[in-house]
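Q: A predicted structure for the sequence below; I have some questions about it.
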Amino acid sequence: MKKYVELMNRAEEWIQAHRQEMIRELQSWVSFPSVSREDLAVPGMPFGPDCRHMLNHAMARGAYYQFQVEDHQGCACSIRWGGEDAIGIIAHLDVVPAGEGWVYPPFGAAYLPEQDVMIGRGVDDNKGSAIAGLFAMRFLREIGWPMKHGLRLICGTSEETGMQDMQYLKESGMAFPRVSLVPDAGFPVNYGQKGSIDAELHFACEGNLLSFDAGTVRNVIPDKATCTVALPPDAVAQAIMQPDGSLRASVTIEACEGGTRITATGRAGHAAFPQGADNAILRLADVLASAGFLAGSCAQTIRHVAELTADAFGQSEGVACRDEDSGDLTLVYGVAHLVDGVLILSADCRYPISTNGLTLEAALLADWQRRGAVVTDVSNSAPYYIPVEDPRVQVLQRVYQAATGRDDKPYTMGGGTYSRVVPNAISFGPGMPGTQEDWSAILPQGHGHAHGRDEAVAIRKLTECFRIYVGALAALDDIM
């Protein structure tokens, strides 16, 4: 490890000299609103024009730094140094929708020099990590570090919406690196990820509920849900009053065309980590179900929605389970829209590594169908697992320990990364275990986190990530 420690020390000096350049580079990448949109696909742009523009920019910047670049059918791009037999870094440049209520412009990439923090959609998830990987490649080339293998940064564009980019490229025969780091999790090594089941539930929903809208993507717990009912505001207010005569704290009402608009607020979060989040769909459905003023099939449907969203761990559906390695099953309903008398509800289930995915899928379908749902777009992705004894895991652990002085153990998680699709890909960083940034001095409560409002990243996190990746790439190069 001594030579890797010395290498990482050199990297620390280098990145301090290139710090402002890293900040400017990230600002330029974050300025692209690269939300993945298959519905806007055209030839050469399978995930819409915004992702196409993002890929063009990434390749232009790779070429600026005198790397080879390659476009992979508009799904992804590669930035290369050296031959085809490569050690890889695989990041994603697509982002979740910005949503509303930001203090700073979502794609303005505001840099706060006093706090040394950047704010913008994608700064943390996952463009900052892509920049850290790009700069690690630059450093190793610049100092002439002897590499047996090439280095290759692959940037995808549909990770947030199901990883169709890497799945398609794998099925089309693309040659991936010998081993790859996926900088989309936390340190040290992530050796297991839960399986995932996604689906859409379609419920008949006719009657005096005129609209219902919440969420934009299934893997984000929404913090706002809005509906319209064909009743006057006074009648609605009276029905949803608390015993003390006040409105529920999470609900507002206002007159609108056709009746009354009701808005419920919660707390946003990632579907893989629902603890601490507060699903606005539950808030609104619970109010509607208890008020007693809904008529028609919408009344029963809203009761089902309130039951399904009552917890985020599969208890309502009778599928709650856990294992020692990966913890509890999670089941989140993050998008709900009423369209032409049908309420469409998304389901995002992350199940423990030891769970039989096909048995679980059958149980979920049975429960949803029992409630009257027509279930479509079901997908089931098996868990990811790599033994902790694997030499690649062990060398990455040693690099991490040498870089940080910490003795954190390999871990599992509910979030899904490219590791579950790309062969020989290992999730490694950039988050530090046991740390949670406190943004309260610069942002409102609940802001600052990935997938939330005012997504923020401390630049020191990216420079530390860069330093560890330099050591990791060199160490993997030696053992492969």
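A: That came through fine.
Q: now stretch 398-413: average pLDDT?
A: Mean pLDDT, computed over stretch 398-413, is 96.
Q: contacts for that stretch, please.
A: Under the criterion C-beta atoms under 8 Å, 6 or more residues apart in numbering, residues 1, 4-5, 8, 185-194, 272, 325-327, 353, 388, 393, 397, 428, 432-434, 464, 467-468, 471-472, 475 lie in contact with stretch 398-413. To be clear about C-beta, it is placed using only N, CA and C from the backbone, and glycine gets the same treatment.
Q: centre of the chain to stretch 5-13, how far?
A: 31 Å (C-alpha atoms, centre = their mean, to the nearest Å).
Q: list the buried residues for that stretch?
A: By 16 or more other C-beta atoms under 10 Å, the buried positions in stretch 5-13 come out as 7-8, 11.
Q: tabulate those (TSV), appending distance to A86.
A: Converted to TSV, the buried residues of stretch 5-13 look like this (distance: C-beta to C-beta, whole Å):
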residue	distance to A86
L7	19
M8	21
A11	20
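Q: does the residue minimising distance to the centre of the chain lie in a helix or a strand, and which?
A: By C-alpha atoms, centre = their mean, the mean C-alpha position of the chain lies nearest to E160, the distance being 5.4 Å. If you go by DSSP states H and E, E160 is not part of any helix or strand.
Q: list the contacts for it?
A: 36, 92, 94-96, 217, 219.
Q: report the buried members of those.
A: So, by 16+ other C-beta under 10 Å, the buried ones in these are 36, 92, 94-96, 217, 219.
Q: in what helix or strand does the residue nearest to V5 when sequence neighbours are not counted lie?
A: Excluding its sequence neighbours, the residue lying closest to V5 (C-beta to C-beta, 6 or more residues apart in numbering) is A402, at 5.2 Å. Using DSSP H and E, A402 maps to helix 391-404.
Q: and L338, by the same measure?
A: strand 336-339.
Q: do the same with H202
A: strand 195-204.
Q: now swap in K409 and tell me
A: With DSSP H and E as criterion, K409 is part of no helix or strand.
Q: quick revisit: what are the buried residues along the helix holding A402?
A: So for helix 391-404, counting by 16+ other C-beta under 10 Å, buried means 392-393, 395-400, 402-404.
Q: pairing partners for the next helix or strand along the chain from it, with directions?
A: Scanning forward in sequence from helix 391-404 by DSSP H and E, the next helix or strand is strand 411-413. Strand pairing for strand 411-413, determined by DSSP bridges: strand 189-193 (parallel).
Q: surely P146 is within a strand?
A: No: P146: not assigned to a strand; according to DSSP: H, G, I helix; E, B strand; the rest coil it is coil.
Q: just the pLDDT for it.
A: Model confidence at P146, given as pLDDT, is 96.
Q: mind naming the longest helix for the protein?
A: Longest helix of the chain, by residue count under DSSP state H: helix 459-479.
Q: mean confidence for that one?
A: 97.
Q: with stretch 77-95 instead?
A: 96.
Q: please point out which parts of that stretch sit buried.
A: 77-82, 86-95.
Q: and that stretch, end to end?
A: 16 Å (C-alpha to C-alpha, to the nearest Å).
Q: and stretch 67-81, by the same measure?
A: Rule used - C-alpha to C-alpha; the end-to-end distance of stretch 67-81 is 6 Å.
Q: same for the worst-scoring helix or strand of the chain on mean pLDDT, what does it pack against?
A: One helix or strand of the chain scores below all others by mean pLDDT, DSSP states H and E: strand 269-270, with a mean of 88. Here strand 269-270 touches strand 220-221, going by 3 or more C-beta pairs under 8 Å, 6 or more residues apart in numbering; DSSP states H and E.
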